[in-house]
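Participant: need a structure here:
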Amino acid sequence: MKLNNLLSLSMCIVFQMAISQNEEISNSELLTIDQLLPEENTSQLVAIDQIEKMNQIEIFQSGSDNNIDINVASESSDIRVLQNGSGNQINLDVTAKRIEARVVQNGEDHLLSSFSEGTEVFQLNTLQQGSNTEIITHGENTISEKIDINLIGNDRSVIIRNFK
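Facilitator: Numbers count the residues shown, from 1 in each chain. Predicted coordinates for the structure are as follows:
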């Protein structure tokens, strides 16, 4: 009986996720990156906060054929990634003293590629929602320091090249 109920609940969740990925979303219904990423465990954060230098990467994936390649060198990093859908790709290659990244890919066939080397602080906040979107960033400077990139829709691209 419990297995049957669990199976029914699982099927309802999968069915709901399949429906929600095909619906059009108005601007008033869009969620922020923080709303889409799962809640942080605050009891762990208190303990981690006491450590001067930490490196953590949290990855949440749902769907198929999603790939993440993260290559970072830092004294301190906090990276949170959510991929919901299929065929999504994330490539992060960053060297900085401190790295902070929040990345959400919701839909299908998104690409995020970010390369930065030798900066003090690297910050990246991106939201890709829809299908077949592409965000490419190279480098970091004061103009792009605290930029949020929200790419919503289908077949869209943003390329940012930063030079000092």
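Participant: list the buried ones in the longest strand along the chain?
Facilitator: Determined from DSSP state E, the single longest strand within the chain is strand 111-138. Residues of strand 111-138 classed as buried: 111-114, 116, 119, 122-135, 137 (neighbour count, 16 or more other Cβ atoms under 10 Å). Quick note: C-beta positions are derived from backbone N, CA and C, even for glycine.
Participant: where exactly do the helices run in the chain?
Facilitator: For the chain, applying DSSP state H gives helices covering 2-22, 33-36, 42-49.
Participant: Ranked by average pLDDT, which of the ones you listed falls at the bottom?
Facilitator: Mean pLDDT values for the helices of the chain show the minimum at helix 2-22, a mean of 40.
Participant: just to revisit the earlier point, remind me what the longest strand of the chain packs against, helices and strands.
Facilitator: For strand 111-138, the packing partners by 3 or more Cβ pairs under 8 Å, 6 or more residues apart in numbering; DSSP states H and E come out as helix 33-36, strand 89-108, strand 148-161.
Participant: Comparing those, which stretch has the densest surroundings?
Facilitator: Of the helices and strands packed on strand 111-138, the one with the most neighbours on average (mean count of other Cβ atoms under 10 Å) is strand 89-108, at a mean of 21.
Participant: quick one: the residue nearest to Leu92 when sequence neighbours are not counted from Ile152, how far?
Facilitator: Using Cβ to Cβ, 6 or more residues apart in numbering and skipping residues adjacent in sequence, the residue nearest Leu92 is Ile70, 4.7 Å away. Ile70 is 24 Å from Ile152, where distance means Cβ to Cβ, to the nearest Å.
Participant: lowest-confidence helix or strand of the chain?
Facilitator: Of all helical and strand segments in the chain, the minimum by mean pLDDT, DSSP states H and E falls on helix 2-22, at a mean of 40.
Participant: show me where pLDDT drops low in this protein?
Facilitator: Along the chain, the parts satisfying pLDDT under 70 run over 1-53.
Participant: same thing but 50
Facilitator: In the predicted model of the chain, residues 2-30, 42-48, 50-51 satisfy pLDDT under 50.
Participant: Gln83: what's it in contact with?
Facilitator: 59-63, 66, 68, 90, 105 (Cβ atoms under 8 Å, 6 or more residues apart in numbering).
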